[in-house]
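Q: I would like to see how this sequence folds:
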Amino acid sequence: MKIKKPRIKRIKTKKERAKLMHSYYSRTGFYMFIWESLKKAFIPVVTLVVGLFLINNYVYNINEGLERITETFSKLGIFSFFFTSETLLGLVPPEIFIAWTKKTTEPVLNLAILATLSYSGGLISYFIGKTALKIKAVKDYLEIKMEKHLKNTSKWGGFLIIVGALLPVPFSITCVAAGMIKYPFKNVILFGLFRFLRFAVYAWAIFQVVD
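A: Numbers count the residues shown, from 1 in each chain. Coordinates of the predicted model:
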């Protein structure tokens, strides 16, 4: 009669798992990537706010320009253009549109719509990435053009999506890369929600300059 030995299952504590994660991110250069991204983000934000202040006071009245845009173009047209930009690799900086919302009659509502459109554009970009795999010419082009993003997304997954949502790393490009490596869509939905925080923080900074 064979006596079965009890199976010993090692259950890692939260502390042990945290140590393993920390070790992994240290080895793969994730922390350095975050630091470099933060440095790159800090300079543009400060430059943007200071630049807006100086231009508005000494070169061109930005408030009048934004009012003219508000009067000339319909909200639907502006939202449509923004959504297209955010879906197709972030062609236009969202800060311009954030500044525009301050001159509208309902700035908070319009800002929320912008954030939702940006978030939705990223989710659509995910499926663009998945679809691109079926078209050889597009797949080859994106793999060359986005080699670094694909490599980083494979290593860091959700954390890179958070970085793309919060920092000036194009969110749509991050989502395209996630789609190309078939990263779980439910995680993109979850981590992408940080996009709303980015719009709130940037709006707070920009609204200090725009009257």
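Q: how near is Phe73 to Ser118?
A: According to C-beta to C-beta, to the nearest Å, Phe73 and Ser118 sit 18 Å apart. Every residue, glycine included, has its C-beta placed from N, CA and C.
Q: compare the two (neighbour count), which wins?
A: Ser118 (25 against 12; other C-beta atoms under 10 Å).
Q: could you find the closest non-adjacent residue to the more buried one?
A: Glu86 (4.6 Å; C-beta to C-beta, 6 or more residues apart in numbering).
Q: which stretches in the chain count as helices?
A: 14-28, 30-54, 62-72, 75-87, 94-102, 107-132, 136-145, 147-156, 158-166, 171-180, 185-191, 194-207 (DSSP state H).
Q: need these in JSON lines with mean pLDDT, can you?
A: Output for the helices of the chain, formatted as JSON lines (pLDDT from 0 to 100):
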{"stretch": "helix 14-28", "mean pLDDT": "70"}
{"stretch": "helix 30-54", "mean pLDDT": "65"}
{"stretch": "helix 62-72", "mean pLDDT": "67"}
{"stretch": "helix 75-87", "mean pLDDT": "90"}
{"stretch": "helix 94-102", "mean pLDDT": "87"}
{"stretch": "helix 107-132", "mean pLDDT": "93"}
{"stretch": "helix 136-145", "mean pLDDT": "72"}
{"stretch": "helix 147-156", "mean pLDDT": "71"}
{"stretch": "helix 158-166", "mean pLDDT": "80"}
{"stretch": "helix 171-180", "mean pLDDT": "85"}
{"stretch": "helix 185-191", "mean pLDDT": "92"}
{"stretch": "helix 194-207", "mean pLDDT": "90"}
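Q: most packed of the ones you listed?
A: helix 171-180 (a mean of 26; mean count of other C-beta atoms under 10 Å).
Q: that one packs against which elements?
A: Helix 171-180 makes packing contacts with helix 75-87, helix 107-132, helix 136-145, helix 147-156, helix 158-166 when contacts are defined by 3 or more C-beta pairs under 8 Å, 6 or more residues apart in numbering; DSSP states H and E.
Q: quick one: closest of these to Pro94.
A: Smallest distance to Pro94 across the helices and strands packed on helix 171-180 (C-beta to C-beta): 6.2 Å, for helix 107-132.
Q: what's the angle between the closest one and helix 136-145?
A: 120 degrees (axes from the mean of the first three to the mean of the last three C-alpha atoms, to 10 degrees).
Q: which neighbouring elements make contact with helix 107-132?
A: Judged by 3+ C-beta pairs under 8 Å, 6+ apart, the packing partners of helix 107-132 are helix 75-87, helix 94-102, helix 136-145, helix 171-180, helix 185-191, helix 194-207.
Q: nearest to Gly158, out of those?
A: With C-beta to C-beta as the measure, helix 185-191 is the member of the helices and strands packed on helix 107-132 nearest Gly158 (4.6 Å).
Q: what does that closest one rub up against?
A: 122-123, 126, 157-159, 161-162, 165, 175, 178 (C-beta atoms under 8 Å, 6 or more residues apart in numbering).
Q: repeat that for 6 Å
A: The contact list for helix 185-191 (C-beta atoms under 6 Å, 6 or more residues apart in numbering) reads 126, 158, 161-162, 178.
Q: if anything else comes up later, I'll come back, but that's it for now.
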